[in-house]
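Enquirer: only the shape, not the letters, is given here:
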């Protein structure tokens, strides 16, 4: 934990498209896991190849294999919503992000597919079953050079804590578990609302990407509490059972 934090000084950029009238399909799919893949695997991968709906948007963790240096206008990202058997997307959500993505680092991205994109809820429910992410970036702004900076994103801090928990469980090392429990609950690296959002989203996505590991952590935590141990964290919920930003 000697790396310095990357504090992202930008507002959360989630596409708000309004809500469908009447029966709102999106309100009913909280926790839904959608297959989600990279359209540019040489540039980045989608961890677990899934996106998870959190009540407002679908979120996923991108792991970058090259650096994208954004222009002043930002970079356009297309989220292609597809039938997995279709050759053409059924709908496209386009967003523009103004942040550099650094090789070797992880970032949470989100997209919403409300009414203006696809007004027929039955199409969303019955047809859209895969998302493909494509960065529409000028090749001159893609770099294969290794970063000269030493930092962790908020997403990587969230993954670190969860990975330490599963390491402690696998090794049955109570000391590691207790130390990580205390360190996580007293983590003071979150200094902005956006950083908090990304940290919490990443932590919840870890649970969805690695469900078997999460079940082992829950069982171990329950075991320690039943033994009378006092833990700082008593979260035994399933992924996305509670709002991500709480």
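Expert: Right, received. Where do you want to start? As the structure is a computational prediction, the values presented were derived from the model and not from experiment. Numbers count the residues shown, from 1 in each chain.
Enquirer: low-confidence stretches in this protein?
Expert: 1-31, 85-87, 114-126, 238-246 (pLDDT under 70).
Enquirer: in it, which spans are helices?
Expert: Taking DSSP state H as the test, the helices found in the chain are 121-126, 154-171, 174-185, 193-209, 211-226.
Enquirer: export those helices as a markdown table, with columns for distance to residue 47 and mean neighbour count.
Expert: The C-beta positions use only the backbone N, C-alpha and C, and glycine is treated the same way. As requested, the helices of the chain are exported to a markdown table (distance: least, C-beta to C-beta, whole Å; neighbours: other C-beta atoms under 10 Å):
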| stretch | distance to residue 47 | mean neighbour count |
| --- | --- | --- |
| helix 121-126 | 24 | 14 |
| helix 154-171 | 9 | 19 |
| helix 174-185 | 20 | 16 |
| helix 193-209 | 5 | 22 |
| helix 211-226 | 13 | 14 |
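Enquirer: quick one: which of those is nearest residue 55?
Expert: helix 193-209 (11.0 Å; C-beta to C-beta).
Enquirer: okay, angle between that closest one and helix 174-185 too, please.
Expert: Helix 193-209 runs at 140 degrees relative to helix 174-185, counting by axes from the mean of the first three to the mean of the last three C-alpha atoms, to 10 degrees.
Enquirer: chain center to helix 193-209, what's the gap?
Expert: Offset of helix 193-209 from its chain centre (C-alpha atoms, centre = their mean, to the nearest Å): 6 Å.
Enquirer: give me the distance between the nearest residue to residue 164 once chain neighbours are set aside and residue 155.
Expert: In space, and not counting its chain neighbours, residue 164 is closest to residue 180: 4.2 Å by C-beta to C-beta, 6 or more residues apart in numbering. Separation of residue 180 from residue 155 (C-beta to C-beta, to the nearest Å) stands at 17 Å.
Enquirer: repeat for residue 42
Expert: For residue 42 relative to residue 155 (C-beta to C-beta), the value is 21 Å.
Enquirer: same question, residue 218
Expert: 21 Å.
Enquirer: burial count for residue 34?
Expert: Residue 34: 18 surrounding residues under other C-beta atoms under 10 Å.
Enquirer: list the beta-bridge partners for it.
Expert: residue 51 (DSSP bridges).
Enquirer: what of residue 75?
Expert: Beta-bridge pairing for residue 75 (DSSP bridges): residue 97.
Enquirer: next: residue 63.
Expert: residue 45, residue 106.
Enquirer: can you report how many residues neighbour it?
Expert: Count around residue 63 with other C-beta under 10 Å applied: 16.
Enquirer: contact partners for it?
Expert: With contacts defined as C-beta atoms under 8 Å, 6 or more residues apart in numbering, residue 63 is in contact with 44-47, 105-106.
Enquirer: between these, which is nearest residue 84?
Expert: residue 46 (14.6 Å).
Enquirer: my guess is that closest one meets residue 37, correct?
Expert: Yes: counting by C-beta atoms under 8 Å, residue 37 is a contact partner of residue 46 at 5.8 Å.
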